[in-house]
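Enquirer: Structural data only, the sequence is not supplied:
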């Protein structure tokens, strides 16, 4: 059983991961956009045209990065957590691929893989960094 109050440091560590996981769910909607629309699903990727919907992914990835930087800046995470920053090359490349191919879902496979990798590597790398 867990006891005590949740800490701001734990929230600061989890927030970028939650946003990366949300970005993964979001980008996964692009290949299914047409089928989801036919099925009556009305998520943002269906409601918006692909050129507008791609901004949602950019927003999620940017917020994840900004939340990590803010947590380091205010001391909720140690400075060594900045070792996570190179990981953002993955969703950045994914964002470029999505930017150019939002309306061509067959070309989004690399972006999906990069987003999956980022969402899985972040908590693993953070655990290693924080245990040192």
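Expert: Cool, the structure landed. Because the structure is predicted, anything quoted here is derived from the model rather than measured.

Enquirer: so where is the chain shaky, pLDDT-wise?
Expert: Under the criterion of pLDDT under 70, the regions of the chain flagged as low confidence span 1-3.

Enquirer: show me where it has helices.
Expert: 8-27, 33-38, 44-47, 50-73, 89-101, 109-131 (DSSP state H).

Enquirer: now those as JSON lines including mean neighbour count?
Expert: (Glycine included, C-beta is placed from N, CA and C.) What follows is those, written out as JSON lines (neighbours: other CB atoms under 10 Å):
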{"stretch": "helix 8-27", "mean neighbour count": "19"}
{"stretch": "helix 33-38", "mean neighbour count": "13"}
{"stretch": "helix 44-47", "mean neighbour count": "16"}
{"stretch": "helix 50-73", "mean neighbour count": "18"}
{"stretch": "helix 89-101", "mean neighbour count": "19"}
{"stretch": "helix 109-131", "mean neighbour count": "16"}
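
Enquirer: Including distance to residue 81, could those helices go into CSV?
Expert: As requested, the helices of the chain are exported to CSV (distance: least, CB to CB, whole Å):
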stretch, distance to residue 81
helix 8-27, 8
helix 33-38, 35
helix 44-47, 30
helix 50-73, 5
helix 89-101, 17
helix 109-131, 6
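
Enquirer: Tell me which of those helices sits nearest to residue 83.
Expert: Among those, helix 109-131 comes nearest to residue 83, with 5.5 Å by CB to CB.

Enquirer: what's next to the closest one, contact-wise?
Expert: 13, 16-17, 20-21, 23-24, 27-28, 31, 78, 80-81, 83-84, 87-88, 90-91, 93-95, 97-98, 101 (CB atoms under 8 Å, 6 or more residues apart in numbering).
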